[in-house]
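Enquirer: Here's a sequence, model it:
(2 chains)
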Amino acid sequence: AQSVTQLGSHVSVSEGALVLLRCNYSSSVPPYLFWYVQYPNQGLQLLLKYTSAATLVKGINGFEAEFKKSETSFHLTKPSAHMSDAAEYFCAVSDRSGGSNYKLTFGKGTLLTVNP
Amino acid sequence: DTEVTQTPKHLVMGMTNKKSLKCEQHMGHRAMYWYKQKAKKPPELMFVYSYEKLSINESVPSRFSPECPNSSLLNLHLHALQPEDSALYLCASSQEGGSNTGELFFGEGSRLTVL
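Expert: As a prediction, this is how the structure comes out:
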C-alpha cells in the first residue's frame, strides 16, 4: 500500500525566505504524487502534481516540487515566501494498484506560518 | 472559484435531526467522493461513487447515507449523528478511465456541528 510521510508538522519562515516542505513516499509502483494547499475553513486546492512526465514540476503561486526516485521524495519549494502562503499543505499519493477508482492517501499535513 | 459546489457551507444539527449535505460538479467527472476532515488532520475517505454506483465505503457508520442521483450530484444524508461527527465534510470529483491520474477536485466543504 502507498503512503506518504511529511516531515515537520509545522514550518515557520520569514517573509522572503525559502520555503521547503518535505514529503517522502512509499509505493510499490510508479506513483502519482500531489501537493494540495488548504487555507482556513476552505477545501483543498491542487498546487501541483507529478504523473511520470518531467521530474521537476511547476505549480501555481510560484511553488515547485522535484520527484526523486532514488530518495523516494517529492519536496515542495518556493524561493521567496509571501504572507499569503500561510496555510496547511498536504502531500498525497494516488493508489493505482487496482480497480478504476483511485484512492488518494494524504500525509498528516504541514502548517506553514510566514512571519513578517 | 471552485468547480465543485457544496451546500450548505455551515450546518448545525441536533442528534435527533435528519439533514443532508449536497455536492454538485459540472466538469463531466464520473467519480465523486465524500471525505471527512477533523481539525488539524488530513481528510479521511468515506465513500466513492463511480458512474453513479457506490464503489467504496470505508466502513462508515450507517448514520451516514450517501446518494448519487446522477453523474453531477452527490448527497450525504445525515441521521442520528453524534457530537464526534462534527467536522468539515469535503466533496471531491475526478475523471475516470485512462486519463485518470487520481487528481481530485475539491469543494470548499460543509462545516457540520452536532449538538
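Enquirer: Would you confirm that B:Phe106 contacts B:Thr5?
Expert: No: contact criterion C-beta atoms under 8 Å: B:Phe106 and B:Thr5 do not qualify, at 11.1 Å. Every C-beta, even on glycine, is put in place using the N, C-alpha and C of the backbone.
Enquirer: Which one's more surrounded, these two?
Expert: Neighbours were counted for B:Phe106 and for B:Thr5 using other C-beta atoms under 10 Å in any protein chain shown; B:Phe106 has more, 23 against 14.
Enquirer: where does the residue lying closest to A:Ser12 once chain neighbours are set aside fall, phi/psi-wise?
Expert: Of all residues not flanking A:Ser12 in the chain, A:Thr113 sits nearest, at 4.7 Å (C-beta to C-beta, 6 or more residues apart in numbering or on different chains). Torsion angles at A:Thr113 (phi, psi; degrees, to the nearest 10) stand at phi -110, psi 140.
Enquirer: and if you look at B:Asp85?
Expert: According to degrees, to the nearest 10, B:Asp85 has phi -80, psi -10.
Enquirer: That one: what's it in contact with?
Expert: Applying C-beta atoms under 8 Å, 6 or more residues apart in numbering or on different chains to B:Asp85 gives the contacts B:Arg63, B:Phe64, B:Leu78, B:Leu112, B:Val114.
Enquirer: Tell me the one of these nearest A:Lys78?
Expert: Nearest to A:Lys78 among these: B:Leu112, at 33.2 Å, using C-beta to C-beta.
Enquirer: Report how many residues lie close to the closest one.
Expert: 21.
Enquirer: what's the answer for B:Ser71, then?
Expert: Per other C-beta under 10 Å, the neighbour tally for B:Ser71 reads 17.
Enquirer: How about the most centrally placed residue in chain A: what's its closest non-neighbour residue?
Expert: Nearest to the geometric centre of chain A sits A:Trp35, at 3.1 Å (C-alpha atoms, centre = their mean). Distances taken as C-beta to C-beta, 6+ apart place A:Leu47 nearest to A:Trp35, at 4.3 Å, with adjacent residues excluded.
Enquirer: ok, so what distance separates the one you found from B:Tyr35?
Expert: 18 Å (C-beta to C-beta, to the nearest Å).
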